[in-house]
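In: Pasting the sequence and the predicted coordinates here, then a few questions.
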Amino acid sequence: MALESYIRIMKAYTKMDEASGCWLYTKSVCPATGYGRIQVATKRMHVHRISTAYHHGLDLNNSNEFACHKCENRNCWNPDHLYKGDNHSNQLDCSNAKTFAKYLQKNAVIGSKSNGVVAI
């Protein structure tokens with residue numbers, strides 16, 4: 001299926017956040033990461049990656065290319081809020097926005113005697 005077809009499907013399941021300008025995908029959101037996702041052939045893809053591929057030329061088959069957010073909303077797929085980057089720019093963006101710290105806080109595993117994991 002061509003990228004245009006996925007964009008049409010994504011538009012059908014999108015809520016616009018007028019305050020932030022974010023386009024929020026509502027059909028399927030990964031509970032662990034907060035990223036919107038859509039089924040592409042036999043695998044799930046994040047909607048922000050499809051948007052970046054369509055609008056900014058991201059190569060979906062290149063694991064060295066990243067779809068980075070200018071906003072702090074992982075579920076946003078507004079092309080004005082996204083840019084094509086590399087691992088370095090993605091890590092800078094993540095640390096500058098404190099997104100990773102929020103992710104760790106939300107998904108921290110509380111330590112217990114059985115698993116030996118220490119709370120963060």
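Out: Thanks, I have the structure now.

In: what about Thr52, how many neighbours?
Out: For Thr52, the neighbour count with other CB atoms under 10 Å is 25. Backbone N, C-alpha and C define where each C-beta goes, glycine included.

In: likewise Val29?
Out: Residue neighbour count, defined by other CB under 10 Å, stands at 16 for Val29.

In: That one is in contact with Gly36, isn't it?
Out: Yes: at 5.4 Å, Val29 counts as touching Gly36 under the criterion of CB atoms under 8 Å.

In: what do those two both touch?
Out: Between them, Val29 and Gly36 share these contacting residues under CB atoms under 8 Å, 6 or more residues apart in numbering: Asn75.

In: Point out where the chain drops to low pLDDT.
Out: Scanning the chain for pLDDT under 70 picks out 1, 96-120.

In: ok, 90 please
Out: Within the chain, the stretches with pLDDT under 90 are 1-2, 32-33, 39-44, 72, 88-120.

In: Now do the helices in it.
Out: Applying DSSP state H to the chain gives helices spanning 3-12, 47-56, 87-96, 99-107.

In: okay if I get those as TSV plus distance to Cys68?
Out: What follows is these, written out as TSV (distance: least, CB to CB, whole Å):
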stretch	distance to Cys68
helix 3-12	18
helix 47-56	8
helix 87-96	5
helix 99-107	10
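
In: So which of the ones you listed is the most surrounded?
Out: The highest mean neighbour count among these, using mean count of other CB atoms under 10 Å, belongs to helix 47-56: a mean of 22.

In: Taking their axis directions, it and helix 3-12 sit at what angle?
Out: Helix 47-56 runs at 130 degrees relative to helix 3-12, counting by axes from the mean of the first three to the mean of the last three CA atoms, to 10 degrees.

In: Give me the contact list for helix 47-56.
Out: 3-4, 6-7, 10, 25, 35-38, 40, 58-60, 67, 69, 74-79, 82-84.

In: Likewise for stretch 19-28?
Out: 10, 13-17, 36-38, 44, 47, 71, 73, 75-78, 80-81.

In: do the same with stretch 67-80
Out: Stretch 67-80 is contacted from outside by 10, 14, 17, 20-25, 29, 33-36, 46-56, 58, 81-85, 89-90, 93, 97, 99, using CB under 8 Å, 6+ apart.
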